[in-house]
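Peer 1: I would like to see how this sequence folds:
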Amino acid sequence: MKNAARLVFIPSPGVSHLVSTMEFAKFLTNRDDRLWITVLIINHPSHTTTSAHINSLDSERVQIINLPQPQYPPNSESNPTTRLQQLKPHVKEAVSNLTSQPPLAAFIVDMFCTTMSDVAKEFGVPTLVFFTSGLASLGLMLHIHTLLEQDNTQFRDSHTELTIPTFINQVPSTALPSLGLDKQWEAVFVAFARGLKEADGIIVNSFEELESHAFNSFDGALPIYPVGPILNTTPKPHIEADNAHIFNWLHHQPPSSVVFLCFGSMGSFAEDQVREIARALEDTGARFLWSLRKPPPSDSGTFRASPSDYSISDLTAVLPPGFLDRTAGIGKVIGWAPQAQILAHPATGAFVSHCGWNSTLESIYFGVPIATWPLFAEQQANAFLLVRELKLAAEIVLDYRVDFKFGPNTLLTADKIEKGIRGVLDMDEDTRKRIKEMSEKSRKTLLEGGCSYSQLGRLIDYIMNQVSL
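Peer 2: Next up, the predicted model:
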């Protein structure tokens, strides 16, 4: 197949990583018909990977292969590197079985699958990392790795502030990612960050117009391709029956009047925190749509299982007595939420979010202001970026943190939650103007003449050069 190239994608099994990877695969094949993609799906019992995300790739130039699930030894959940090592023979076999045309050009691996670069080397092709967070977070990860290499662990002290090139302001240790703070995970973090540094390039789901300071702070030693926002922003032609009640309710609300609360595919709270949120919502008197989900069992393993939806009886029990009746006129409590569709709805006026990067990009794209409530991973850094650096969000909290073993570091009171919600509802005109302008930039950057459009062209040129050498 002349003038064509094949890419092997290896996404992480986490839903947020899988979704953005699948969207990026579609993005590439839609941009250039010379590209063919084989996606190797890693299934894991502690993660939910829905077939809908996988089946959304309907291009004839995209091939999906489910990797066999190895028999993991006891307690191997605590060592993701070991699990990935066991998958390498299956990856090698799957790639060996691919047809020789079009020729293999590169591996594109998830940020947590960089160890697969060993397999790419066996096939004589480069490894590009798909980094599913932002440019500032990428710089943060690389900087922490450098400090660990220097055996400088003082950043773990709760009173430390760090000077990090991708941030304008000093970054408090409370904003650092859990993976870098926890001594138990140091070996895993070091291997992860080393894999980033050793990659042949890093594709970032962000855009220069949003994170110009962070982008300009990179010295060019490692090729960086900010090609985002990679999102599924096309409204579905019809509303699924299971979600009809949500949109029927939204259709009857005034424009920009509803506070939407949603905490991602892994976000949930214990009953005491749920009741504080409920009290805050009731005290604000604001219209609200609340995606409230049930925590997984506490014995679900090192890698936390996904939350589930409450039954009606369980929902009534976890909320304050009479809450659903008292708020029936202005609020609605739901389970899993079609987040992008809700953010796109004209009735949605504010977003209480965990600040996962996909959610952050969606809120910016649809111009819905965020009130920050991070939970884990790099979400504290994202919240800090939005509030302190970019001044695009209101603060509920910046340092709230959930440990998979020990739970949250604090109980957020109704008063503080109410103050944050009022802050996003009463946001000043300058901030609203910045959000609107950034929303427009997030759309234009993907069009010809935009930064992400140019960066994607630069990336494709690199890929095609691999098969013309």
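
Peer 1: can you pull out the strands in the stretch 51-200 of the chain?
Peer 2: Using DSSP state E, counting those that start in this stretch, the strands of the stretch 51-200 of the chain run over 62-66, 104-110, 127-131, 161-162, 171-172.

Peer 1: Mind splitting this protein into its structural domains?
Peer 2: The record's domain parsing of the chain by automatic domain parsing lists 5-132+199-228+445-468, 241-442.

Peer 1: so can I have CSV of these showing mean pLDDT, mean neighbour count and distance to residue 163?
Peer 2: For the C-beta atoms, the positions are set from N, CA and C on the backbone; glycine is no exception. Converted to CSV, those look like this (pLDDT from 0 to 100; neighbours: other C-beta atoms under 10 Å; distance: least, C-beta to C-beta, whole Å):
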stretch, mean pLDDT, mean neighbour count, distance to residue 163
domain 5-132+199-228+445-468, 89, 18, 11
domain 241-442, 94, 19, 14
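
Peer 1: Select, out of those, the one closest to residue 147.
Peer 2: domain 241-442 (15.1 Å; C-beta to C-beta).

Peer 1: The closest one spans what distance, first to last residue?
Peer 2: End-to-end distance for domain 241-442, by C-alpha to C-alpha, to the nearest Å: 31 Å.

Peer 1: how far is it from where the chain is centred?
Peer 2: 15 Å (C-alpha atoms, centre = their mean, to the nearest Å).

Peer 1: Check stretch 214-230 too.
Peer 2: 18 Å.

Peer 1: same thing with stretch 159-179?
Peer 2: 19 Å.

Peer 1: Quick one: residues in contact with that stretch.
Peer 2: 135-141, 143-144, 154-158, 181, 185, 188-189, 192, 211, 213-214, 217-218, 376-378, 380-381, 383-385, 388-389, 398-399, 401, 403 (C-beta atoms under 8 Å, 6 or more residues apart in numbering).

Peer 1: Filter these down to just the ones in helices.
Peer 2: Counting by DSSP state H, these place 135-141, 143-144, 181, 188-189, 192, 213-214, 217, 380-381, 383-384 in helices.

Peer 1: Could you report the distance from residue 82 to residue 14?
Peer 2: Distance, residue 82 to residue 14, using C-beta to C-beta, to the nearest Å: 18 Å.

Peer 1: same deal with residue 113?
Peer 2: Residue 113 is 11 Å from residue 14, by C-beta to C-beta.

Peer 1: and if you look at residue 139?
Peer 2: Residue 139 is 22 Å from residue 14, by C-beta to C-beta.

Peer 1: now residue 278
Peer 2: Counting by C-beta to C-beta - residue 278 and residue 14 are separated by 29 Å.

Peer 1: got it, and residue 133?
Peer 2: The value you get for residue 133 to residue 14, if C-beta to C-beta is used, is 12 Å.

Peer 1: Is it possible to get TSV of the strands of the stretch 51-200 of the chain that adds distance to residue 249?
Peer 2: TSV is the format used below for those (distance: least, C-beta to C-beta, whole Å):
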stretch	distance to residue 249
strand 62-66	36
strand 104-110	36
strand 127-131	36
strand 161-162	44
strand 171-172	40
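
Peer 1: nearest to residue 272, of those?
Peer 2: With C-beta to C-beta as the yardstick, what comes closest out of the strands of the stretch 51-200 of the chain is strand 171-172 (26.3 Å).

Peer 1: I'd like to know the average pLDDT value across the closest one.
Peer 2: The average pLDDT within strand 171-172 is 95.

Peer 1: Tell me which strands it pairs with, and in which orientation.
Peer 2: strand 161-162 (antiparallel) (DSSP bridges).

Peer 1: pLDDT (mean, whole number) over the strand it pairs with?
Peer 2: 92.

Peer 1: Let me know the next secondary structure element after the helix or strand encompassing residue 440.
Peer 2: Following DSSP states H and E, one finds residue 440 within helix 429-444. Once helix 429-444 ends, the next helix or strand along the chain (criterion: DSSP H and E) is helix 451-468.

Peer 1: what's in contact with that next one?
Peer 2: Outside helix 451-468, the residues touching it (C-beta under 8 Å, 6+ apart) are 3-5, 7, 27-28, 31-32, 34-35, 102-103, 105-106, 125-126, 128, 201, 203, 207-209, 223, 225-229, 445-447.

Peer 1: Tell me which entries of these lie within helices.
Peer 2: Those of the contacts of helix 451-468 lying in helices (DSSP H): 27-28, 31.

Peer 1: Tell me if I'm right that residue 200 and residue 127 touch.
Peer 2: Yes - if you go by C-beta atoms under 8 Å, residue 200 and residue 127 touch, sitting 5.6 Å apart.

Peer 1: what sits in contact with each of the two?
Peer 2: residue 106.

Peer 1: wait, isn't residue 279 in contact with residue 320?
Peer 2: Yes - applying C-beta under 8 Å, one finds residue 279 in contact with residue 320, separated by 6.6 Å.

Peer 1: gap between the two ends of stretch 59-69?
Peer 2: Using C-alpha to C-alpha, the two ends of stretch 59-69 sit 26 Å apart.

Peer 1: Please apply the same query to stretch 127-143.
Peer 2: Span of stretch 127-143 from end to end, C-alpha to C-alpha: 21 Å.

Peer 1: and that stretch, how far out from the chain's middle?
Peer 2: On C-alpha atoms, centre = their mean, the centre of stretch 127-143 falls 12 Å from that of its chain.

Peer 1: Now residue 330: closest residue in space that isn't a chain neighbour?
Peer 2: Among residues not flanking residue 330 along the chain, residue 287 sits closest, at 4.8 Å (C-beta to C-beta, 6 or more residues apart in numbering).

Peer 1: Any idea what residue 393 is bridged to?
Peer 2: residue 370.

Peer 1: so what's it up against?
Peer 2: Counted by C-beta under 8 Å, 6+ apart, residue 393 has contacts 369-372, 383, 386-387, 424.

Peer 1: List the contacts of the residue lying closest to residue 418 once chain neighbours are set aside.
Peer 2: Once flanking residues are discounted, residue 418 sits nearest to residue 280: 4.2 Å by C-beta to C-beta, 6+ apart. Residue 280 makes contact with 414-415, 417-418, 421 under the criterion C-beta under 8 Å, 6+ apart.

Peer 1: Which members of these occur in helices, if any?
Peer 2: The helices, defined by DSSP H, take in 414-415, 417-418, 421 from these.
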